[in-house]
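Asks: any chance you can model this:
(2 chains)
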Amino acid sequence: MNTFFQLFISALLVSSLYTLVAVGFTMYVGVINLANFSHGDTCVMGTFLLMPIFLFATKMGWLSAGAGLLIPVIIILVMLLTGLWGAGIYKILVKPLLVAPRLILLLASVAAGQVIREAIRVIYPNGSNPQVFPKLLPSGILEISGLRFGYDSLTIIFLSVICIISLNFIIKRTKMGLAMRAVSQNSDVSQMMGINIEKTIITVFIIGSALAGLAGILNGAFYGITKFNLGSNLGIKGFSAAVIGGLGDFQGAIVGGVLLGFIEVFAAAYIPNGSQYQDVFSFLAVIAFLIFRPSGILGEKIFEKV
Amino acid sequence: MLEIQNIEVKYGKATVLHDVSISIQQGEIVTILGSNGSGKTTIMRSILGLAPIVTGQITFLGEKINHLKPHQIVTKGIVVVPEGRGIFPKLSVEENLRTGYVFFENDKEKMNQNIQDAYSRFPILGQRHNQLAGTLSGGEQTMLAVSRAMMRKPKLLLMDEPSLGLSPKLVQQTFSIIKELHETGTSILLIEQNAVKALAICNRGYILQKGKVVLSGDKQELISDEGVRKAYFAM
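Replies: Here you go, the predicted structure:
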């Protein structure tokens, strides 16, 4: 039973990271019907933006003065920067190509991912090799009646839950959220209702990229390492979670992220030699969904009645 | 109040509208009749800034609007009941009604009042206010689309075939709402295939054929025109 609980927490941890990536992914699909394959690389960009800032803060001695306050500030700053990158991607890459067939835009996003990867490799000192990522998360272990929970995992789970709840609030309860949902269903009619779709899409790109930045940082901080090409794996996992939940469906991305995390962790634990095939199980799940339920768990199609 | 002057619209190489001019005066109901593919909906899209206009211009209340973005154009006081109703299937009935208001004005109390008005007009919408709009029947969706349009007091209402696919009773109901709106001073541009109904309530009309205005005139002129009688009244 104890092992089960430990696994449960590990699964929640993995799920949290996947979900943070998946919600951005699914929101892009929602508003402009684009699978943005540079999304995973945006996560990694977050880690490589954080490291110099962190190093600078350490050198200036700010960190020893008040690490508890400074680390959240740095993380938020990096989220703002990746958010800005998202807005830039929309302005420079997506907007001019919106009229083109979606395949072109998809290829352009693959290229944008490549640009991030190679830029890190060339610009960052010793960028081809793995980099030691600062331990941003609280260390130590919480022990409750024989169960051991790392404060780092608990922090990641907590932060992700807060982010998802806030985002859910924005989508469900605010005017901007209503605009996002309207645009994702019918962009022409949305404009007729006075919605500024460009503003709406830009907001989605900023939110999605900021969350990607956070996911990258948390991922790096937990494993203590980052590398220029880690993004393809994170991106594919986020994409898989979004597909499992139903592409374009916000709650679906959450369900998909959680399910994917649990499949991976429990398959690795309970299937003999499973940890070697961890990724295989999650991609098998994705393939199964694509074949048997392409609309995903929550992606129920409602047809327009005539 | 709305002046469309000699517009030409092209999608790629295909010219959809040739030199079309249409005007709507304050307080009028103007109808545009024409068969499928005659360019009726394109006129609507041109007014809203959703169609590529090559030449010509559109003014609303004396102001040139054809260079503006769609959301800026509707903010000037134009409200739309789009082709095929255009409700948001995965928003609830109440959220659909809200989309007709929140992006223009910020008065929460007035919005809730307008929502209540819509529910008293169509009680079925009130009963289903939490249901996803995509699960409504076709008739209910029309009620929703019309109610959404009425959430904001429009200066000009554009309606694209509101009666399409409705039962005769609902057609009747829809047209009585149009009439009612007109009596409160709203100017209306009505695009219709149901020529009998449309001609009965309009002040003036235009007949569109293959992207050209082939006939225009007031109600009596249109009804008594030989070609119109043949095409739409089968006599």
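Asks: tell me the mean pLDDT over stretch A:231-247?
Replies: Across stretch A:231-247, the average pLDDT comes to 92.
Asks: that stretch near chain B at all?
Replies: No. Stretch A:231-247 does not reach chain B (Cβ under 8 Å from any Cβ of the partner chain); its nearest approach is 11.4 Å. Where C-beta positions appear, they are placed from N, C-alpha and C, glycine not excepted.
Asks: over to stretch A:88-101?
Replies: No. Against chain B, stretch A:88-101 shows no contacts by Cβ under 8 Å from any Cβ, the least distance being 10.6 Å.
Asks: who touches that stretch?
Replies: Identification of contacts with stretch A:88-101 by Cβ atoms under 8 Å, 6 or more residues apart in numbering or on different chains yields A:32, A:34, A:36, A:38, A:104-105, A:108-109, A:112, A:198, A:201-202, A:205, A:209.
Asks: buried residues in it?
Replies: A:89-90, A:93-94, A:97 (16 or more other Cβ atoms under 10 Å in any protein chain shown).
Asks: with stretch A:157-169 instead?
Replies: Residues of stretch A:157-169 classed as buried: A:157, A:159-160, A:163-164, A:167 (neighbour count, 16+ other Cβ under 10 Å).
Asks: turn the contacts of stretch A:88-101 into CSV, including distance to chain B and pLDDT.
Replies: Listed next are the contacts of stretch A:88-101 as CSV, based on distance: Cβ to the nearest Cβ, whole Å; pLDDT from 0 to 100:
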residue, distance to chain B, pLDDT
A:I32, 16, 92
A:L34, 19, 91
A:N36, 22, 93
A:S38, 27, 96
A:I104, 17, 95
A:L105, 20, 95
A:A108, 23, 96
A:S109, 25, 95
A:A112, 26, 96
A:E198, 8, 95
A:I201, 13, 97
A:I202, 14, 97
A:F205, 18, 97
A:S209, 24, 97
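Asks: spell out which parts of chain B neighbour chain A.
Replies: By Cβ under 8 Å from any Cβ, the residues of chain B that approach chain A are B:48, B:50, B:69-71, B:74-75, B:80, B:82, B:84, B:86, B:88-91, B:95, B:98-100, B:102-104, B:132, B:134-138, B:141, B:148, B:165.
Asks: if you set the cut-off to 7 Å instead, what comes out?
Replies: Counting by Cβ under 7 Å from any Cβ of the partner chain, the residues of chain B close to chain A are B:48, B:50, B:70-71, B:74-75, B:80, B:82, B:84, B:86, B:88-91, B:95, B:98-100, B:102-104, B:132, B:134, B:137-138, B:141, B:165.
Asks: for B:L33, what are its contacts?
Replies: With contact set as Cβ atoms under 7 Å, 6 or more residues apart in numbering or on different chains, B:L33 has these partners: B:192, B:195, B:198, B:205, B:207-208, B:232.
Asks: where does the stretch 1-150 of chain A dip in pLDDT?
Replies: Applying pLDDT under 70 to the stretch 1-150 of chain A flags residues A:1, A:66-67.
Asks: can you map out the helices along it?
Replies: Ranges of helices in the stretch 1-150 of chain A, per DSSP state H, counting those that start in this stretch, are A:2-32, A:39-59, A:62-65, A:67-89, A:95-97, A:102-123.
Asks: could you dump these into TSV with distance to A:V132 added?
Replies: Below are the helices of the stretch 1-150 of chain A laid out as TSV (distance: least, Cβ to Cβ, whole Å):
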stretch	distance to A:V132
helix A:2-32	19
helix A:39-59	9
helix A:62-65	16
helix A:67-89	16
helix A:95-97	38
helix A:102-123	15
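Asks: and for residue 23, the neighbour number?
Replies: Because you didn't say which chain, this covers chain A. 31 (other Cβ atoms under 10 Å in any protein chain shown).
Asks: nope, chain B please
Replies: Using other Cβ under 10 Å, B:S23 has 15 neighbouring residues.
Asks: lowest-scoring secondary structure element of chain B by mean pLDDT?
Replies: Among the helices and strands of chain B, helix B:226-228 carries the lowest confidence by mean pLDDT, DSSP states H and E, at a mean of 79.
Asks: buried ones in it?
Replies: Applying a neighbour-count criterion of 16+ other Cβ under 10 Å, one finds B:V228 buried in helix B:226-228.
Asks: and the residue positioned nearest the centre of chain B, what element?
Replies: The geometric centre of chain B, computed from its C-alpha atoms, lies nearest to B:M159 (Cα atoms, centre = their mean), at 1.3 Å. Applying DSSP states H and E as the criterion places B:M159 in strand B:156-160.
Asks: quick check: mean pLDDT of that strand?
Replies: 94.
Asks: after it, which helix or strand is next? Please name it.
Replies: Downstream of strand B:156-160 (by DSSP H and E), the next one is helix B:168-183.
Asks: how many neighbours does A:K175 have?
Replies: Number of residues near A:K175 (other Cβ under 10 Å) recorded here: 14.
Asks: chain B: strands as residue ranges?
Replies: B:2-11, B:14-24, B:29-34, B:53-60, B:63-64, B:78-81, B:156-160, B:187-192, B:204-209, B:212-218 (DSSP state E).
Asks: mind checking the SS state of A:G208?
Replies: Going by DSSP: H, G, I helix; E, B strand; the rest coil, the secondary structure assigned to A:G208 is helix.
Asks: so who does it touch?
Replies: A:G208 is in contact with A:24, A:27-28, A:86, counting by Cβ under 7 Å, 6+ apart.
Asks: max pairwise distance over the buried residues of stretch A:157-169: which two?
Replies: A:I157 and A:L167 (15.8 Å; Cβ to Cβ).
Asks: can you list the weak-confidence ranges in chain B?
Replies: For chain B, the stretches flagged by pLDDT under 70 are B:234-235.
Asks: I'd say A:G274 and A:F266 touch.
Replies: No. With contacts counted by Cβ atoms under 7 Å, A:G274 stays clear of A:F266, the gap being 8.6 Å.
Asks: quick one on the thing from earlier: which one of the helices of the stretch 1-150 of chain A lies nearest to B:Y119?
Replies: Using Cβ to Cβ, the nearest of these to B:Y119 is helix A:2-32, at 29.3 Å.
Asks: buried ones in that closest one?
Replies: Using 16+ other Cβ under 10 Å as the test for burial, helix A:2-32 gives A:7, A:9-32.
Asks: about what we covered before: from the contact counts, what lies against the strand holding B:M159?
Replies: Packing partners of strand B:156-160 (3 or more Cβ pairs under 7 Å, 6 or more residues apart in numbering or on different chains; DSSP states H and E): helix B:40-47, strand B:78-81, strand B:187-192.
Asks: what about A:K199, neighbour count?
Replies: Residues contacting A:K199 under the criterion other Cβ under 10 Å number 12.
Asks: my bad, A:K135
Replies: 12.
Asks: quick check on it: phi, psi?
Replies: Main-chain torsions, A:K135, degrees, to the nearest 10: phi -80, psi 100.
Asks: tell me which parts of the stretch 101-250 of chain A are close to chain B?
Replies: Within reach of chain B by Cβ under 7 Å from any Cβ, the stretch 101-250 of chain A has these residues: A:175, A:178, A:181-182, A:185-186, A:188-189, A:191-196.
Asks: who wins on neighbours among those residues?
Replies: Going by other Cβ under 10 Å, A:M193 tops these with 31 neighbours.
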